[in-house]
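Participant: just need the structure, nothing else, for what follows:
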Amino acid sequence: MPRLVGAVQEASSETQAETITTFNSSGTLTTQPRTTEITYLVVAGGGAGGDTGGGGGAGGFRTSVPGATSGGGGSAESATPVSGGTGYPVTVGAGSAEVNRGTYGTGSPSILGTPSPITSAGGGGGGHRFSYVVGGSPLGQPGGCGGGHGSNDPVVPEGTDGTTNQGYGGGAKLVATNAAPGGGGAGSAGSSTATPSPSNVGYGGAGGNGVASSITGSAVTYAGGGGGGSSPSPTVASGGSGGGGNGGSGNTAAVAGTANLGGGGGGGANAGYPAGAAGGSGIVVTKEAAVSYLDGTSSCWDLRQVYRQVKAGAWTN
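Facilitator: Here you go, the predicted model:
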């Protein structure tokens, strides 16, 4: 028989395993050698609740898991192309720190730095009651999910805005009361305030709910909005599912959003505990699909040897 040209005459089947990488803080994603695209979840840091004010908005929520839902009712996005064996920067957005009068607490964005970066916007800060302080305003701020308005008396009939395909806005202030709406979540808007009698006593609105993702293999809910602050009433406005912090009340401090869920912080109360609570940090998760391939090199026949074998009648298939 003629000889084969090439070192390998047989190929073996190999598999690159599915790989899930979770970033609870910023770092670098190094893809496996044969990865060409990745599926992702990118959640930004949550906004802080307002001082005597509205609940903080959750961080923006984006995902490309097939069949899943992004924030704000959006569909799952497309997987993002990458080059195998390449490092890509990952930024995990911090939640806003606790705020006091005159300061807004907007969360920081999370970024998956692939060739076409995937950025989720930080959650909007809750509005303040004390709008006369420089830098303060009764209006909740837009963001990945919008913050709730402050608990000052004027009616603010429109809620705040979230970012398209990332999250919903904060609740409206439909009545003149010393309570505040909840911040928006990835899965629903923050709730408006409720007013019992007397009218200066009010219940803060609940934070909007988050959205569940199973990218890690288990369902986890992310990006819940913070509850709004209540007036002297002991009633507490709940944070939304997915790490939203409860709002403060006459005898209870507001609760911070949960770390690595991107939850919004609860708004401060009109009496006793005015400070708005901090937002929770975000998270980035990537998935690389399993890849099967042949680990070998093609060979070819030496055609001069083939010719001689055929001419001599010694060639066999």
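Participant: SS state for V42?
Facilitator: strand (DSSP: H, G, I helix; E, B strand; the rest coil).
Participant: if I read this right, it contacts I111, doesn't it?
Facilitator: Yes - using C-beta atoms under 8 Å, V42 is in contact with I111, at 7.4 Å. In short, each C-beta sits where N, CA and C put it, glycine included.
Participant: these two: which is more packed in?
Facilitator: V42 (32 against 21; other C-beta atoms under 10 Å).
Participant: quick check: beta-bridge partners of the more buried one?
Facilitator: Counting by DSSP bridges, V42 is bridged to R62, V284.
Participant: just S110 next, same as before
Facilitator: Beta-bridge partners, per DSSP bridges, of S110: S120.
Participant: which residues touch it?
Facilitator: 42-45, 59-60, 91-93, 119-120, 262, 282-284 (C-beta atoms under 8 Å, 6 or more residues apart in numbering).
Participant: just A68 next, same as before
Facilitator: So A68 contacts 76, 213-215 (C-beta under 8 Å, 6+ apart).
Participant: among those, which one sits closest to T164?
Facilitator: Using C-beta to C-beta, A76 comes nearest to T164 of the contacts of A68, at 14.6 Å.
Participant: output the below-cut-off pLDDT ranges for this structure.
Facilitator: 1-13, 101-102, 130-136, 153, 195-201, 233, 294-307, 309-317 (pLDDT under 70).
Participant: can you show me the helices along it?
Facilitator: Listed in chain order, the helices of the chain (DSSP state H) span 303-311.
Participant: at the geometric centre of it, which residue do we find?
Facilitator: The chain has V43 as the residue nearest its centroid, 1.5 Å off, counting by C-alpha atoms, centre = their mean.
Participant: thinking it is in contact with G60, fair?
Facilitator: Yes - assessed by C-beta under 8 Å, V43 is found in contact with G60 at 7.2 Å.
Participant: what sits in contact with each of the two?
Facilitator: Taking C-beta under 8 Å, 6+ apart as the criterion, V43 and G60 both touch 110, 120, 186, 223, 262.
Participant: what about the last one, how many residues nearby?
Facilitator: Right, the one you point to is G262. So G262, with other C-beta under 10 Å, has 44 neighbours.
Participant: and what of the third one?
Facilitator: If you count neighbours by other C-beta under 10 Å, A186 ends up with 40.
Participant: show me the contacts for it.
Facilitator: A186 is in contact with 43, 58, 60-61, 70-72, 144-145, 166-168, 208-211, 222-224, 242, 262, counting by C-beta under 8 Å, 6+ apart.
Participant: same thing but 7 Å
Facilitator: 58, 61, 71, 145, 167, 210-211, 222-223, 242 (C-beta atoms under 7 Å, 6 or more residues apart in numbering).
Participant: how close does T114 sit to G87?
Facilitator: 11 Å (C-beta to C-beta, to the nearest Å).
Participant: quick one: which of the two has more around it?
Facilitator: T114 (22 against 12).
Participant: which one of the shared contacts of V43 and G60 is nearest to D51?
Facilitator: G262 (21.5 Å).
Participant: ok, and what's touching stretch 33-43?
Facilitator: 16, 31, 59, 61-65, 79-82, 84-85, 110, 112, 118, 120, 213, 215, 222-223, 262, 282-288, 291, 293.
Participant: which parts of it are buried?
Facilitator: Neighbour counts over stretch 33-43 (16 or more other C-beta atoms under 10 Å) mark 34-35, 38-43 as buried.
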